[in-house]
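Trainee: Here is a sequence together with a model predicted from it:
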Amino acid sequence: MIQTVLSIILRILAVFGIGLLCITGLLLAVVLLAFFVPLRYGGNFSKDGSSMRFSVKASWLLRLIRIKAVYEKELVIRAFILFFKVYDSGKPKKEKKKKRKRKEERPARQESAKAAPADITEPAVPEQIPETVSEPQEPDGTDEPGETPGKISVFERIRQFIKNCICKIKNIYDKIRDILQNIRYYVELIREEETAALFRTCKARLWKILRSVLPRKLRADLVIGTGSPDTTGYCMALAGILYPHLGRFVNIEPDFEKTIFEGQIYFKGQITSFVILLQAVKFYFDKDLRKFIRKLKREES
């Protein structure tokens, strides 16, 4: 009898353990998919005269989850899970329920208006309380004529003015001295070799994050003009600086006479959350970065 009871308990525990392992395995699979499966995105933009259109698409997990946003005259956003449409902002809203509620409220208002009492009671007028007239007080005769109490002499006023000016000048000098000391401290902190090495490592980590987020394919054919030749020239100089990073598929033509922004842009890329999470963990556990932050706050290490 005892053996059968123990065998039943062991079987129940085995089934419970197998179920728990399956649940943890599914959760681990979902976490790994979220970290390692990239979120793919893409879009295009076109503008010709007054007409403008752009569309952005994003998909995840082999296009099982998709989101699309299109703007031509108005913004329309649609979301899909598998083959089912979950959200559609362009779908017309149903107003039948609102109309029914309004029709039901109208007879209720009419009945309440008929059931209201016809007699209207006049508000009671409060009784007027006679005002008491205070008698004028007689002078005590303590103040002598010709003397004003609390009068300050001219020399005392000049002395107080000079004293206030000296205090203000001293406070301004102390503030300027503190500002100069802070500037000197932070300049020396930035010039340290440890700070320079920290900036290089942080720059490399940030570049890894940007490279994982920025589009991998970019094509553009644009005509840009600000209406002023100098600012248009500045924009073209900035485009020339960014040309090695933008690639040879980006073509920008300047217009030095009028204000214009026309053309087409196509981009496509992907975002992997594991790369961002890995760099964030490195930032968090970096001892040099924590030491630098303590120095910025002037905390004792």
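Mentor: Sure, I can see it.
Trainee: Confirm I77 sits in a helix?
Mentor: No. Counting by DSSP: H, G, I helix; E, B strand; the rest coil, I77 falls outside a helix, being strand.
Trainee: was I right about it contacting S89?
Mentor: Yes. At 4.6 Å, I77 and S89 qualify as touching, with contact defined as C-beta atoms under 8 Å. All C-beta spots, glycine's among them, are computed from the backbone N, C-alpha and C.
Trainee: what residues does stretch 48-55 touch?
Mentor: Stretch 48-55 has contacts (C-beta atoms under 8 Å, 6 or more residues apart in numbering) with 43-47, 68-72, 262.
Trainee: whoops, I mixed them up, stretch 73-87
Mentor: In contact with stretch 73-87 (C-beta under 8 Å, 6+ apart) are residues 64-70, 88-90.
Trainee: neighbours around F83, how many?
Mentor: 6 (other C-beta atoms under 10 Å).
Trainee: let's number from 829 now, not from 1
Mentor: Noted, 829 is the first residue going forward, which turns the last one into F911.
Trainee: what about the residue nearest to F1120 when sequence neighbours are not counted, which helix or strand?
Mentor: Sequence neighbours aside, L1026 is the residue nearest to F1120 in space, at 5.7 Å (criterion: C-beta to C-beta, 6 or more residues apart in numbering). Assigned by DSSP states H and E, L1026 belongs to helix 1021-1041.
Trainee: Show me what that helix is packed against.
Mentor: strand 1087-1099, helix 1101-1112, helix 1115-1125 (3 or more C-beta pairs under 8 Å, 6 or more residues apart in numbering; DSSP states H and E).
Trainee: thinking again about what came up before, how about the contacts of stretch 901-915 in CSV, adding pLDDT and secondary structure?
Mentor: Shown next, in CSV, are the contacts of stretch 901-915 (pLDDT from 0 to 100; DSSP: H, G, I helix; E, B strand; the rest coil):
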residue, pLDDT, secondary structure
L892, 87, coil
I893, 90, strand
R894, 92, strand
I895, 93, strand
K896, 92, strand
A897, 92, strand
V898, 92, strand
D916, 87, strand
S917, 85, coil
G918, 76, coil
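Trainee: Going through those residues, which ones are buried?
Mentor: 894-895, 897-898 (16 or more other C-beta atoms under 10 Å).
Trainee: ok so, going back, wait, the residue nearest to F1120 sits on R1118?
Mentor: No. The pair L1026 / R1118 is not scored as a contact, 10.4 Å apart, by C-beta under 8 Å.
Trainee: Between the two, which is the more surrounded one?
Mentor: More crowded of L1026 and R1118, by other C-beta under 10 Å: L1026, with 16 against 13.
Trainee: Who are the contact partners of the more buried one?
Mentor: Taking C-beta under 8 Å, 6+ apart as the definition, contacts of L1026 comprise 1114, 1116-1117, 1120.
Trainee: among the residues you listed, which ones are buried?
Mentor: 1114, 1120.
Trainee: Go through the contacts of L1026 and say which is closest to L860.
Mentor: D1114 (25.7 Å; C-beta to C-beta).
Trainee: Please report how far that closest one lies from Q1107.
Mentor: 11 Å (C-beta to C-beta, to the nearest Å).
Trainee: go on, A897?
Mentor: 28 Å.
Trainee: residues making contact with stretch 856-869?
Mentor: 884-889, 1043, 1096-1102, 1105.
Trainee: can you do 6 Å?
Mentor: 886-889, 1098-1102 (C-beta atoms under 6 Å, 6 or more residues apart in numbering).
Trainee: Also stretch 1049-1066?
Mentor: 1079-1084, 1086-1092.
Trainee: thinking again about what came up before, distance to L860 for the buried ones among the contacts of stretch 901-915 - can I get that in CSV?
Mentor: As requested, these are exported to CSV (distance: C-beta to C-beta, whole Å):
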residue, distance to L860
R894, 21
I895, 22
A897, 29
V898, 33
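Trainee: Helices of the stretch 879-1028 of the chain, start to end?
Mentor: 924-942, 982-1018, 1021-1041 (DSSP state H, counting those that start in this stretch).
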